[in-house]
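Undergrad: Sequence and predicted structure below; questions after.
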Amino acid sequence: MPYFTHGETKYKLIILYIAERAGALLSGDQLYRTAILNSGMDYFTFWNVIGELEEDGMLAAVKKLYGDCYGITDAGRDALSMFEKTVPENERRKLDAYLDENRAAFARETQLSSRIEKRPNGVTLHLYVSERDRAIFSVSLDTASEEQAIEMRSRWDDCSESIYNYVWDALLNRQDVK
């Protein structure tokens, strides 16, 4: 009869499994969504486990334009290779299916980012398009309020491609710009 881990140990292995199988660094939000939706882990346990894995050198946080991303380290890979089978196969398959289904969306999320900067005299919304960890397009807009910045930010995913294309076309003086 196989031995399966439980509790925090199981959750650590699940996080390492996700980080390994993702095939790329995941933002904290992406890692959180994957873990929460597929393992029954709660918010506080998730962040506690992340902190412990970082402290133990099994998971590394990497600063990116769009925030911290997480990747598995060699020590994490070693631990996972020894104990991966203690996570039930049905849970591993569920995680694999979720990652396969969301891989493209995860990549897109890391290409588009934004941040809101509160200043003493107002609020600035910064919008970015990134490629290979480098901003290839950015726009900074002073807004009337934080609410307005949040509203504009919520539309960035849907509008970014047309804004990006319009600016390039306009600046290159192409005929199809209206």
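TA: Looks like it arrived, so ask away.
Undergrad: contacts and neighbour counts: CA atoms only from here.
TA: Fine.
Undergrad: if I pick Ser138, what's in contact with it?
TA: By C-alpha atoms under 8 Å, 6 or more residues apart in numbering, Ser138 lies in contact with His126, Leu127, Tyr128, Val129.
Undergrad: SS state for it?
TA: strand (DSSP: H, G, I helix; E, B strand; the rest coil).
Undergrad: going forward can the numbers begin at 435, since that is how I track them
TA: I'll keep to 435 as the first residue from here, and by that count the last item is Ser572.
Undergrad: List the beta-bridge partners for it.
TA: Tyr562 (DSSP bridges).
Undergrad: rewinding a little: mind putting the contacts of Ser572 into CSV with pLDDT and neighbour count?
TA: Compiled in CSV, the contacts of Ser572 are given as follows (pLDDT from 0 to 100; neighbours: other C-alpha atoms under 10 Å):
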residue, pLDDT, neighbour count
His560, 91, 17
Leu561, 91, 22
Tyr562, 88, 23
Val563, 87, 23
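Undergrad: of those residues, closest to Ser588?
TA: Ranked by distance to Ser588 (C-alpha to C-alpha), those are led by Leu561 at 10.9 Å.
Undergrad: pull the longest helix from the chain.
TA: Selection of the longest helix in the chain by residue count, based on DSSP state H, yields helix 523-545.
Undergrad: Touching, Gly462 and Lys498? I think so.
TA: No. With contacts counted by C-alpha atoms under 8 Å, Gly462 stays clear of Lys498, the gap being 11.2 Å.
Undergrad: Throw the contacts of Ser572 into TSV and include distance to Glu488, thanks.
TA: As requested, the contacts of Ser572 are exported to TSV (distance: C-alpha to C-alpha, whole Å):
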residue	distance to Glu488
His560	29
Leu561	29
Tyr562	28
Val563	28
